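Colleague: sequence? don't have it. structure:
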Ligand code: AHM
Ligand code: MG
């Protein structure tokens, strides 16, 4: 959704904002789809909040495609995202962290021109301790062509995204969206069931003294990341001459949201635990949508060696190294990668 011209638009509902944004536009379908994704996120928010009361916490005993144990709410959220978006005629196929293969829209529904890619419940290892989790989504245009959608139709670099966003299920439920014209944040009003514009035109400060990384992996990091974190930890007497603070929620959505609100840099870098694994996070439904949001808010997103959104995907579930947030810190990390032998 685009940048509203000033405070007058604070308090606008997401539906009204979307209608204004896409009125007279050939992308009306995109507005409709975003509205359906927003509704799916409201329903997922309610399911997450009821978790402890409805026997939906805990594991299913099955693994997803990345060999991670699925939680009941991972699968419920996946199902809800599909059910609330498949019937409207905007989507041709979907892909998700929780589905090994793509999901083609059943033939009883109209086939749309968009591909919806999502992580239905990111950070779900936090569910049992009642810490923030979220949903992440990315919308791509279906390439022109005949016949069924194939995996290869999804394998577009992040620069091709037409929209991306996340819902954060925290103390308040929020929806943060970009369609390539800035980033806007909406808060769910539980009384009316509407997402209300509370954070127009989010921007990330170029400088920060806060970083986020899972430091338990330090022994496996590459040299440029070790250098960067060592310098942050060295404090006022180190080469940065400043004291840095650290945060790690282990929910990427909460982490990126914090960075949008008060700056920061987030790293899930490549490490040497498995030479075939370029990072932990998934390119298509974690790294790309978050990179689109961060760049639209004036931040930067890199693998350390190239901009994340320029990585050509080879597979739906491929992983990638992630360094994103305040522009000057990301640029410093890119420089450290260039400097490394
Ligand atoms: P998930 O999709 O299985 O929830 O994994 C992604 C999450 C991110 O939200 C978070 O940044 C990271 O994994 C946390 O990893 P770690 O367990 O190493 O702290
Ligand atoms: Mg995830």
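Modeller: Ah, there it is. Computed from a predicted structure; not experimentally measured. Numbering: from 1, shown residues only. Ligands and ions are numbered 1, 2, ... in the order given.
Colleague: residue 146: how many residues sit nearby?
Modeller: Residue 146 is flanked by 4 other residues according to other CB atoms under 10 Å. All C-beta atoms are positioned from the backbone trio N, CA, C, and that covers glycine.
Colleague: same thing with residue 189?
Modeller: 15.
Colleague: same thing with residue 76?
Modeller: Number of residues near residue 76 (other CB under 10 Å) recorded here: 21.
Colleague: what's the answer for residue 241, then?
Modeller: Here the number of neighbours of residue 241 (other CB under 10 Å) works out to 10.
Colleague: looking at this structure, which residue is nearest ligand 1?
Modeller: Residue of the chain nearest ligand 1, by CB to the nearest ligand atom: residue 252 (3.4 Å).
Colleague: per-residue pLDDT, that residue?
Modeller: On the pLDDT scale, residue 252 is placed at 98.
Colleague: just give the nearest non-adjacent residue to it, would you?
Modeller: Of all residues beyond its chain neighbours, the one nearest residue 252 is residue 122 (5.6 Å), with distances taken as CB to CB, 6 or more residues apart in numbering.
Colleague: list the contacts for the one you found?
Modeller: Applying CB atoms under 8 Å, 6 or more residues apart in numbering, we find residue 122 in contact with 97, 133-136, 166, 251-253, 286.
Colleague: sort out which of these are buried, if you could.
Modeller: Buried subset of the contacts of residue 122 (neighbour count, 16 or more other CB atoms under 10 Å): 97, 133-136, 166, 251-253, 286.
Colleague: mind listing which of the contacts of residue 122 are in helices?
Modeller: 252-253 (DSSP state H).
Colleague: wait, residue 78 sits on residue 95?
Modeller: No: counting by CB atoms under 8 Å, residue 78 stays clear of residue 95, with 10.9 Å between them.
Colleague: what sits closest to residue 212 if chain neighbours are left out?
Modeller: residue 266 is the one closest to residue 212 (CB to CB, 6+ apart), at 4.6 Å.
Colleague: mind listing what residue 213 touches?
Modeller: 225, 229, 246, 248, 266-269.
Colleague: same question for residue 320.
Modeller: Applying CB under 8 Å, 6+ apart to residue 320 gives the contacts 278-279, 281-283, 287, 303, 308, 311.
Colleague: tell me the residues of the stretch 1-150 of the chain that contact ligand 2?
Modeller: The stretch 1-150 of the chain comes close to ligand 2 at residues 119, 122, as judged by CB under 5 Å from the ion.
Colleague: all strands of the stretch 1-150 of the chain, in order?
Modeller: For the stretch 1-150 of the chain, strands defined by DSSP state E, counting those that start in this stretch occupy the ranges 59-63, 69-71, 91-96, 103-104, 114-122, 133-141.
Colleague: hey, what's residue 13 bridged with?
Modeller: Taking DSSP bridges as the rule, residue 13 bridges to residue 196.
Colleague: can you count the residues close to it?
Modeller: There are 16 residues near residue 13, going by other CB under 10 Å.
Colleague: tell me the residue furthest from the middle of the chain?
Modeller: Centroid-distance maximum for the chain: residue 237 at 35.8 Å, with CA atoms, centre = their mean.
Colleague: next to ligand 1, which bits of the stretch 201-341 of the chain? Give me the list.
Modeller: The stretch 201-341 of the chain has residues 214, 250-252, 255, 268 near ligand 1, with proximity defined as CB under 6 Å from any ligand atom.
Colleague: quick check, nearest of those residues to residue 50?
Modeller: Ranked by distance to residue 50 (CB to CB), these are led by residue 251 at 18.8 Å.
Colleague: relative to residue 78, how far out is that closest one?
Modeller: 17 Å (CB to CB, to the nearest Å).
Colleague: next: residue 13.
Modeller: Where residue 78 is concerned, residue 13 sits at a distance of 27 Å (CB to CB).
Colleague: hang on, residue 117 packs against residue 142?
Modeller: No: if you go by CB under 8 Å, residue 117 and residue 142 don't touch, sitting 11.8 Å apart.
Colleague: among those two, which residue is more densely surrounded?
Modeller: Set residue 117 next to residue 142 and count neighbours by other CB under 10 Å: residue 117 wins out with 28 against 17.
Colleague: OK, contacts around that one?
Modeller: Contacts of residue 117 (CB under 8 Å, 6+ apart): 94-96, 137-140, 154, 284-285, 289.
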